[in-house]
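Student: Sharing a model prediction with you, sequence too.
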Amino acid sequence: MTVSYSLELPTQRVEAAPEFVTAEAIAEIARSAEAGGFAAVHVTDHPAPDAKWLDHGGHHALDPFVALSFAAAVTTDVKLLTNVYIAAYRNPFLGAKSIQSLAVLSGGRLILGTAAGYLKPEFKALGIDFDTRGALLDEALDVLSKLMTGEDTAYEGTSFNARGVRLRPVPATPPPIWVGGNSKPAVRRAVSRAQGWAPFNTFGYAAASRTAEISTLEDLESAIAWAKKYAAEVGRTAPLDICFSAGNLLDDTRSTDERHATIAKLESMGVTWLTIAPQGADRAEVIDHARAFAEEFIA
């Protein structure tokens, strides 16, 4: 199976907001992605990042559903990926309304990448118990799966009690869910209740991101083997998308031949999607790098 690619919308680059964090910028980059053959565009989710994290390599983010709505409005076919949406930050019904709205208005192009989250001060700022983030993610996925059937949903949650919520309109097809993270709980959650798993290259920052280290192809191969073993144990027969955020493994510092070899290796492991984040001092340069990547590796 040929790997598909998602292009980052660099809306975290607030140091050059006129170039990257405007409606015009989102539109131009999203259109370029679609024209170049990228299968999706993606953004991340950080509603309340703390200053210490931002000052030591962290980044800002627009609301993912607002940003992707702007991309959806100027494109036709490209998928819209949250990479990743932290469900625990929001009441599950409020989150489901954003998910439903984008899925419906985009004509079913949303891919819901989600994860438990890792930024402890952000949880604290939002009034969410960090230690229950995995359970809160499961709760949100439970609620979403019930709402997407179109039936009235009753659910007694950790901090809410819904007697019978009705979601309308229901998307013709529920958005596929990918669970992000490198840890075994993340893998188990992806295998048991999602359509995809989204591991990422930790660059040696596994401790900061509170997940398992994946910084080499060998690390990833081992993690995929464990995921396949767990899928066999629980009787999963449906295919599992694997979306890898390869990061520096595919950046411009690597030769073209080396990157082709890396992609071939990832495909042989079972990776079905790769996220790409081209560098550039301005929007034109980012688009040029994305176009060059597409011409070499997608076309």
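Tutor: Yes, it's here. Residues are numbered from 1 along each chain as shown.
Student: how far away is Asp219 from Phe38?
Tutor: Counting by C-beta to C-beta, to the nearest Å, the separation of Asp219 from Phe38 is 26 Å. All C-beta spots, glycine's among them, are computed from the backbone N, C-alpha and C.
Student: go on, Gly180?
Tutor: Gly180 is 19 Å from Phe38, where distance means C-beta to C-beta.
Student: Show me which parts of stretch 67-77 are buried, residue by residue.
Tutor: Within stretch 67-77, the residues that count as buried by 16 or more other C-beta atoms under 10 Å are 67-72, 74-75.
Student: chain center to that stretch, what's the gap?
Tutor: 16 Å (C-alpha atoms, centre = their mean, to the nearest Å).
Student: Excluding its own residues, what touches it? List them.
Tutor: 9, 11, 23, 26-27, 30-31, 33-34, 41, 43, 78, 80-82, 101-102, 105-106, 109-110 (C-beta atoms under 8 Å, 6 or more residues apart in numbering).
Student: hmm, back to that, next, format the buried residues of stretch 67-77 as a markdown table and append pLDDT and secondary structure.
Tutor: Shown next, in a markdown table, are the buried residues of stretch 67-77 (pLDDT from 0 to 100; DSSP: H, G, I helix; E, B strand; the rest coil):
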| residue | pLDDT | secondary structure |
| --- | --- | --- |
| Ala67 | 98 | helix |
| Leu68 | 98 | helix |
| Ser69 | 98 | helix |
| Phe70 | 98 | helix |
| Ala71 | 98 | helix |
| Ala72 | 98 | helix |
| Val74 | 98 | coil |
| Thr75 | 98 | coil |
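Student: so can I have a markdown table of those residues showing distance to Leu266?
Tutor: Formatted as a markdown table, the buried residues of stretch 67-77 follow (distance: C-beta to C-beta, whole Å):
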| residue | distance to Leu266 |
| --- | --- |
| Ala67 | 27 |
| Leu68 | 25 |
| Ser69 | 31 |
| Phe70 | 30 |
| Ala71 | 25 |
| Ala72 | 28 |
| Val74 | 30 |
| Thr75 | 26 |
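Student: Would you tell me what the next helix or strand after the helix or strand where Ala96 lies is?
Tutor: Here Ala96 sits within helix 92-105, counting by DSSP states H and E. Toward the C-terminus, helix 92-105 is succeeded by strand 110-115 as the next helix or strand (DSSP H and E).
Student: could you say what helices and strands that following strand packs with?
Tutor: Contacts defined by 3 or more C-beta pairs under 8 Å, 6 or more residues apart in numbering; DSSP states H and E place strand 110-115 against strand 79-86, helix 92-105, helix 133-147, strand 177-180, strand 196-198.
Student: Go through those and pick out the most buried.
Tutor: Most buried of the helices and strands packed on strand 110-115, by mean neighbour count (mean count of other C-beta atoms under 10 Å): strand 79-86, with a mean of 26.
Student: Partner strands of that strand, with direction?
Tutor: Note on strand 79-86: by DSSP bridges, its sheet partners are strand 40-43 (parallel), strand 110-115 (parallel).
Student: Report the inter-axis angle for it versus helix 133-147.
Tutor: For strand 79-86 against helix 133-147, the angle by axes from the mean of the first three to the mean of the last three C-alpha atoms, to 10 degrees is 140 degrees.
Student: what's the angle from strand 79-86 to helix 92-105?
Tutor: Per the same axes, to 10 degrees, the angle that strand 79-86 makes with helix 92-105 is 170 degrees.
Student: Which residues outside strand 79-86 are in contact with it?
Tutor: Defining contact as C-beta under 8 Å, 6+ apart, one finds that strand 79-86 is touched by 6, 8, 39-45, 64-65, 68, 71-72, 95, 102, 106, 109-117, 178, 180, 198, 243, 245, 275.
Student: And stretch 174-185, by the same measure?
Tutor: Defining contact as C-beta under 8 Å, 6+ apart, one finds that stretch 174-185 is touched by 83-84, 99, 103, 108, 110-116, 134, 141, 144-145, 148, 186-187, 189-190, 193-200, 202, 206, 211-214, 223, 226, 241, 243.
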